[in-house]
Each structure stands twice: as C-alpha cells, then as structure tokens.
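**Student:** mind folding the following:
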Amino acid sequence: MSVSVEYLDKYYGSQRVLKSVSFNIKGAGVTGFLGPNGAGKSTMMKILSGVISPSTGVAKVNGMDVLQYPTEIKRIIGYLPEHNPLYLDMYVKEYLYMTASIYKVRQKKQAVSKAIEMTGLVPECKKKIGKLSKGYRQRVGLAQNLLHNPEVLILDEPTTGLDPNQIVDIRNLIKEMGKEKTVMLSSHIMQEVEAICDNIIIINNGEIVADETTSSLKISDKVVEIEFLETIGVDVFKDANFVEKVEAAESGAFLIKGFDNEDIRAELFRWAVENRLTIISMRQKEHRLEDVFRLITQQSE
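**Tutor:** This next block holds a predicted model:
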C-alpha cells in the first residue's frame with residue numbers, strides 16, 4: 001500500500017497549480033494533506049484518483065502509474081471528493097447495490113450491509129438519498145467507497161456538513177481504517193487532523209512546504225507556562241541563571257524558555273521555593289497544529 005508523487009506539475013491553461021510536487025506515503029496509516037484554499041489539495045487528490053491527468057511528472061498508487069494503469073488503480077482506491085455526487089432519486093440501499101455491481105463485488109449483500117453498519121447509516125438506509133441531511137449524504141459517499149474494500153482511501157473533506165456527534169463517529173471510523181489501509185485525508189479542521197493523522201503533508205501555492213509526522217511537526221521550543229499566587233513582574237527572574245527568555249502572558253502567567261531548549265520545570269520549581277513563591281500551575285506549552293500550520297504557510301508566502 002503506497003502513494004508516491006515525483007516532480008509533478010499541473011497547469012490549467014497558463015496557470016501552474018502544482019509545482020514540482022513530490023512526496024511518498026507508505027503502508028497503513030492516516031496522512032493529513034493540508035493547505036489553504038487554492039493551494040492545490042483537491043487537484044492533487046483528483047490526479048491520484050484518476051479524475052484528471054498531471055501535466056508533467058509521475059504519480060503512482062501501489063507502484064502503478066496513474067496514467068498507465070487507470071482502471072487497475074480505480075479497483076484498489078476509494079475516492080470521496082469534497083462535493084460528493086450522488087443519485088438523489090435513488091434509495092440508499094439501491095444506490096449502494098448499484099455501486100457494488102459496478103465494482104463487481106461478489107458478495108454484494110454482505111458488502112452493502114457492512115458498509116451501512118460501519119458508516120452509521122442503519123436508521124436512514126431505507127430512505128431516498130435526496131431526503132437525507134447533508135451529513136448522512138456524506139456517509140453514503142463514504143459507504144460507497146468501502147464496498148470494494150479498497151487498499152487506499154483518498155478523502156477530501158470527509159466530515160463536511162456533519163454535526164459534532166457524527167464527526168466523532170466518522171473520525172473513529174477513519175482512524176480504524178487507517179490500521180489496515182493507506183488513508184490520505186484533506187481537512188480544514190486542525191483538531192480533526194491532530195486526532196486521527198499519523199503524518200502530515202502541507203501544501204501552499206502548489207508546493208510542498210512540510211512533510212512530517214504529526215508529533216514532530218508540533219515539536220517547538222520548550223516553553224514553560226507558569227502562574228504564581230503572588231503578583232510579580234518579569235524582573236523577578238533576573239537572578240534565575242537558567243532562564244534565557246521571559247514573557248508576561250495576558251492571562252497573568254509567564255512564558256519562560258531555558259537555554260539550549262532544555263526542560264527547566266524542575267529548576268523553576270526549586271527556584272520558586274527558594275524565592276517563597278507559590279506555583280498555581282505549570283506546564284510545558286506546545287504549539288497547536290493550527291499555530292504550526294499558520295506559521296509554515298505564512299513563511300512560505
């Protein structure tokens with residue numbers, strides 16, 4: 001199970017949407033494919049799923065070139081586009097049976113029942129698709145892409161239109177599928193990406209600007225956020241020789257960084273005791289993925 005792209009370009013007329021894009025996703029797991037609006041995310045996903053062709057470069061799924069083996073690749077991937085096209089006049093089960101026939105699924109009844117159960121469509125499965133809420137229509141699209149048990153799933157904004165409870169259910173489903181499949185997920189919801197993605201690729205203006213594991217991308221300077229019972233100023237820390245930088249936060253706490261990016265919590269505790277200061281709270285502050293995303297995309301502008 002793999003998705004690989006090498007020096008890929010895509011032009012729409014004279015506009016260069018993707019610029020020498022290269023990345024490699026191997027094995028089972030969930031990879032978040034992030035970027036601002038217009039960065040090229042959906043274009044990249046359409047190329048990998050065979051909907052459109054690259055202008056130059058190579059895109060492969062499981063080692064097969066998307067241009068040379070389009071039919072074979074469609075058999076092993078599931079692609080859920082951002083705007084999910086459905087036959088609104090068909091009943092949910094009717095539509096899923098039709099899709100299973102197109103994929104030539106041998107045990108259609110079992111495959112349809114399993115997909116309906118996995119995506120939480122049981123209460124709505126006897127309705128026409130046109131009568132469903134946007135969230136349930138999204139579930140139908142996801143169920144459709146599970147019928148043939150694909151090895152690779154490409155999901156473009158899969159939780160669009162879902163309520164908070166539905167989002168949690170679909171997140172858990174995607175995370176579970178990532179244990180056995182290669183899942184490529186696009187989302188604007190950073191909490192969602194943090195919750196389910198093992199790796200993150202960030203694209204901006206058609207170029208890859210980050211390709212890291214989720215945990216390493218969030219690693220930042222080891223800054224300690226500490227709050228005292230007493231009212232003190234920044235100048236109190238001038239005798240703390242292990243402190244490189246101190247900032248006063250709006251909350252009344254202090255943001256403190258040690259030399260050489262060391263963890264200084266133990267030293268801070270001892271220093272506070274020596275100076276008869278009462279610590280109310282102390283924690284090592286970590287950048288949220290949203291902060292890292294904004295920093296990386298703004299720097300790459």
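**Student:** what helices or strands is the longest helix seen in the chain leaning on?
**Tutor:** If you go by DSSP state H, the chain has its longest helix at helix 164-177. When contacts are defined as 3 or more C-beta pairs under 8 Å, 6 or more residues apart in numbering; DSSP states H and E, helix 164-177 packs onto helix 134-144, strand 152-156, strand 182-186, helix 190-196. For glycine as for every other residue, the C-beta is placed from the backbone atoms N, C-alpha and C.
**Student:** would a markdown table of those with distance to residue 273, mean pLDDT and mean neighbour count be doable?
**Tutor:** A markdown table is the format used below for the helices and strands packed on helix 164-177 (distance: least, C-beta to C-beta, whole Å; pLDDT from 0 to 100; neighbours: other C-beta atoms under 10 Å):
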| stretch | distance to residue 273 | mean pLDDT | mean neighbour count |
| --- | --- | --- | --- |
| helix 134-144 | 53 | 91 | 22 |
| strand 152-156 | 52 | 95 | 23 |
| strand 182-186 | 47 | 95 | 26 |
| helix 190-196 | 35 | 87 | 19 |
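**Student:** on that earlier part again, which parts of the longest helix of the chain are buried?
**Tutor:** For helix 164-177, the neighbour count (16 or more other C-beta atoms under 10 Å) marks 166-167, 169-171, 173-175, 177 as buried.
**Student:** how about residues contacting that helix?
**Tutor:** Contacts to helix 164-177, defined as C-beta atoms under 8 Å, 6 or more residues apart in numbering, come from residues 30, 118-120, 135, 138-139, 142, 146, 153, 155, 158-159, 162, 183, 185, 189, 192, 195-196.
**Student:** one step back: quick one: closest of the helices and strands packed on helix 164-177 to residue 88.
**Tutor:** Residue 88 lies closest, by C-beta to C-beta, to one member of these: helix 134-144, at 8.5 Å.
**Student:** pLDDT of stretch 290-301, averaged?
**Tutor:** In this model, stretch 290-301 carries a mean pLDDT of 78.
**Student:** chain center to that stretch: distance?
**Tutor:** What separates the centre of stretch 290-301 from the centre of its chain is 16 Å, taken as C-alpha atoms, centre = their mean, to the nearest Å.
**Student:** assign a three-state SS to residue 11, would you?
**Tutor:** Put simply, residue 11 is strand when judged by DSSP: H, G, I helix; E, B strand; the rest coil.
**Student:** got the residue ranges for the strands in the stretch 201-301 of the chain?
**Tutor:** Secondary structure of the stretch 201-301 of the chain by DSSP state E, counting those that start in this stretch: the strands cover 207-213, 223-228, 243-248, 254-258, 279-285.
**Student:** of the ones you listed, which stretch is the most buried?
**Tutor:** Of all those, strand 254-258 has the most neighbours on average by mean count of other C-beta atoms under 10 Å, namely a mean of 20.
**Student:** in its sheet, what does it sit against?
**Tutor:** strand 223-228 (antiparallel), strand 243-248 (antiparallel) (DSSP bridges).
**Student:** next, the angle strand 279-285 makes with the first one.
**Tutor:** Just to be clear, that refers to strand 223-228. 170 degrees (axes from the mean of the first three to the mean of the last three C-alpha atoms, to 10 degrees).
**Student:** reformat the strands paired with strand 254-258 as JSON lines; add distance to residue 90.
**Tutor:** Below are the strands paired with strand 254-258 laid out as JSON lines (distance: least, C-beta to C-beta, whole Å):
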{"stretch": "strand 223-228", "distance to residue 90": "54"}
{"stretch": "strand 243-248", "distance to residue 90": "59"}
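**Student:** now those in JSON lines, with mean pLDDT and distance to residue 270?
**Tutor:** Output for the strands paired with strand 254-258, formatted as JSON lines (pLDDT from 0 to 100; distance: least, C-beta to C-beta, whole Å):
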{"stretch": "strand 223-228", "mean pLDDT": "92", "distance to residue 270": "13"}
{"stretch": "strand 243-248", "mean pLDDT": "90", "distance to residue 270": "13"}
